[in-house]
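Participant: pasting the sequence and the predicted coordinates here, then a few questions.
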Amino acid sequence: MSTPAAVTAEATSIAPVVGRRQAGGPRVSKRALGYTLLVVLALVYIVPFAIQIATTFKTDPDATGNPLSLVPNPFTLAAWQRLFAGSTGNYPLYFFNSVFVTVTVTAGRVFFDSLAGYALSRLQFRGRGALFNAVLAVMAVPGVVLLIPKFLVLKQVGMYDHYSGMIIPLMVDAAGVFIMKQFFDSVSISIEEAARIDGAGVFRTFWSVVLPMARPALITLTILSFQGSWNEFTYFLIATQSEAKQTLILALARLSSGQLGSGTQFPLRLAAALFATIPVALVFFAFQRHFVRGANEGGVKG
Amino acid sequence: MSNIDTTVPTTVAPWRPRGSGGSGKGIRAGEGRAGWLFVSPMVIVLGVFLLVPIIMAIWVSTLEWNGQGSPFAGGAKFVGLHNYQSLLVTDGLARKDFMLSLRNTFYYVMFVVPLQTALALFLAVVVNQRYLKGRSFFRTAFYFPSVTSSVAITIVFLFLFQNSGAINKLLSFVGIKGPQWFADPRGLFQVAADKLGLVDIASPPVGLTGNGVLGLTWWDWISGPSVALMAVVFLVVWTTAGTFMLMFLAALQDIPVEVEEAALLDGVGAWQKFRYVTLPQLRPVLFLVLTLGLIGTWQVFDQVYLLGGGNPAKTTLTPAYLSYRTGFNDFNYGNGAAIAFMLFIIITALTLLQRYVLRDKDAIAEKRGRRAQLRGAGAR
């Protein structure tokens, strides 16, 4: 570097520094204002959960009498004990149902979505383009308008109120296929080709070469599926009937609907709600990064 | 990665789509069969549980069917467009409820979409400030409600918005007597007009209550969202803003730092910078968020179910819930399917709007990419 160039560079860099110093006063107060605003906003987002947690340890009169208080007085585990005592429903069973359905649906989605996404991205077969367009079209149909015909199909094929009817129809989702196809589109194909040239079959290449490479997309898909099927409500509402098939979310909704305004049993209801929230919360805090990515990918094609 | 690609140029060409459908040779052998095998689970599941229901929905909406027997084997009476007539033309309870649900959802969308978009944008801008410490903490706090169950969140809000609940307690600190929220069926616009002294809500003007259209009086049409529905609006805005915040945040981080710095050097204020520099760059995302919001809000169901199905006084009834209730509680599946199909038409119209907007966004992104390429070429 020649000296004149360095000098001019220094000269130009001085101006903004001076400017920054002059603006120092107002900027500090602006920063304080910004932080205050943020803290208020954060409270708006955190306090409801804090109240929820505190209320689960309150007595019924305390919950209605001091709805804002974060300190249970007296502290009691009554709501939690009632939740697991079985008088308001078999929560251990609902929990098992939720776990069972969520795990099998998630496993199915991860495997079948990536199979289909890979085929739509990489394999050449007749009708591929039309099939992909069909997936896009089906993705655009809003779920709530199909409740009645879905119920009908389940009845017709004898899967109504069975685990199979809760699991199989959710095992492939168009949005997941779309995410996987997009992922495979963005990945280089040379390694797979090398495997194919070495004589590996299509499935073997997919299983031992492609899937390990697709780890980031698979993690995102796993988390989205877990969250989606754990929180699923409307589909299970129309796919099941008996108490033995209730999921946590379904039991929670049935516990609360209809008893509006009665103001009673809020510690119990909030405890049930908290119980249903904890698994997703744990996964969320462990895999935040992937949630963020999933939200943006899902958003591109709502 | 990319330079590995170029080392095997001979194999790249045959990987293009629109090939010979599996009859290829060499490493592409057997791909046609493998391809269909790979997609077959998807084809079966989406076909049986998504495509067939779509077709069935249309068929069932032309039937009078109470759920007994099969709708295909003579268990149901074909009534043509009768179900649609009873929703749109025939004066009766079915039309009144359907119109109420459309009115409610219209006001609901009118409030939720602008509010959630504005809040999401605001949160994104605040979290995006570069000097901010603990950004990820705030981002997590704002996003967390979006990943939790809407059922669980609604139960928390039912507690917070009780008559003597946390919200009204807070309001009482500043001397406001809060309404009964989820139990208050009064329309927001009616209450406002009453407060302004324009009308008396206890005895509304006969000119408005005496006449009407499509089964509802004018007084009912112009009611605005009920106080109860406004509580649902707050709940949904609070819950969903986090998702849209992430979209705005991604777009904000794409804005080149130099652009904002140039604006600062020119001495513009913070608001002007936002209005004339940041906001125009966010336009594609803004349109995306608005259309996604439009599509999502028309489908509102969970919260309505938890409120007891339209309480109070049917002011939180929505088409999605009405369709469910008509089918599964009233055993009038034909009518329920017809409501669902009408809702489908509304949402499809909005989806087409979204498609159009997305295409616009892609074009803009492409243009931006080309500009960046030119810039890169110029630098070289």
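Facilitator: Yep, it's here. Residues are numbered from 1 along each chain as shown, chains lettered A, B, ... in the order given.

Participant: contacts and neighbour counts: CA atoms only from here.
Facilitator: Fine.

Participant: with adjacent residues omitted, what lies nearest to the residue nearest the centre of chain A?
Facilitator: For chain A, the residue sitting closest to the mean C-alpha position, by Cα atoms, centre = their mean, is A:Gln227 at 3.4 Å. Using Cα to Cα, 6 or more residues apart in numbering or on different chains and skipping residues adjacent in sequence, the residue nearest A:Gln227 is A:Val280, 6.1 Å away.

Participant: list the buried residues in the helix or strand that contains B:Leu46.
Facilitator: For B:Leu46, the host element (DSSP states H and E) is helix B:31-46. Residues of helix B:31-46 classed as buried by neighbour count (16 or more other Cα atoms under 10 Å in any protein chain shown): B:31-43, B:45-46.

Participant: mean confidence for it?
Facilitator: The average pLDDT for helix B:31-46 rounds to 90.

Participant: whichever helix or strand comes after that helix to helix B:31-46, inter-axis angle?
Facilitator: Remark: after helix B:31-46, the chain's next helix or strand is helix B:52-60, criterion DSSP H and E. Counting by axes from the mean of the first three to the mean of the last three Cα atoms, to 10 degrees, helix B:52-60 lies at 50 degrees to helix B:31-46.

Participant: now for residue 53, how many residues are close by?
Facilitator: Went with chain A since none was named. Applying other Cα atoms under 10 Å in any protein chain shown, we find 19 residues neighbouring A:Ile53.

Participant: my bad, the chain I had in mind was chain B
Facilitator: B:Pro53 has 24 nearby residues by other Cα under 10 Å.

Participant: need the nearest residue in space to it, chain neighbours excluded.
Facilitator: Counting by Cα to Cα, 6+ apart, B:Pro53 lies nearest to A:Pro149, which is 4.8 Å off, once chain neighbours are set aside.

Participant: who's in contact with the residue nearest to B:Trp181 when sequence neighbours are not counted?
Facilitator: Closest residue in space to B:Trp181, ignoring its immediate chain neighbours: B:Ala228 at 4.9 Å, by Cα to Cα, 6+ apart. Counting by Cα atoms under 8 Å, 6 or more residues apart in numbering or on different chains, B:Ala228 touches B:Trp181, B:Phe182, B:Ala183, B:Asp184, B:Pro185, B:Pro312, B:Thr315, B:Thr316.

Participant: so which bits of the host helix or strand of B:Ala228 are buried?
Facilitator: B:Ala228 is part of helix B:227-254 when elements are defined by DSSP H and E. By neighbour count with 16+ other Cα under 10 Å, helix B:227-254 contains the buried residues B:227-233, B:235-252.

Participant: count the neighbours of residue 84 for me.
Facilitator: Here I'm looking at chain A. Quick note: A:Phe84 (other Cα under 10 Å) scores 14 neighbours.

Participant: switch to chain B, that's the one I care about
Facilitator: When counting by other Cα under 10 Å, one arrives at 20 neighbours for B:Tyr84.

Participant: element containing it, please.
Facilitator: Using DSSP H and E, B:Tyr84 maps to helix B:82-88.

Participant: elements contacting the next helix or strand after that helix?
Facilitator: Remark: after helix B:82-88, the chain's next helix or strand is helix B:93-127, criterion DSSP H and E. Identification of packing neighbours for helix B:93-127 by 3 or more Cα pairs under 8 Å, 6 or more residues apart in numbering or on different chains; DSSP states H and E yields helix B:82-88, helix B:135-147, strand B:216-217, helix B:227-254, helix B:283-298, helix B:319-328.
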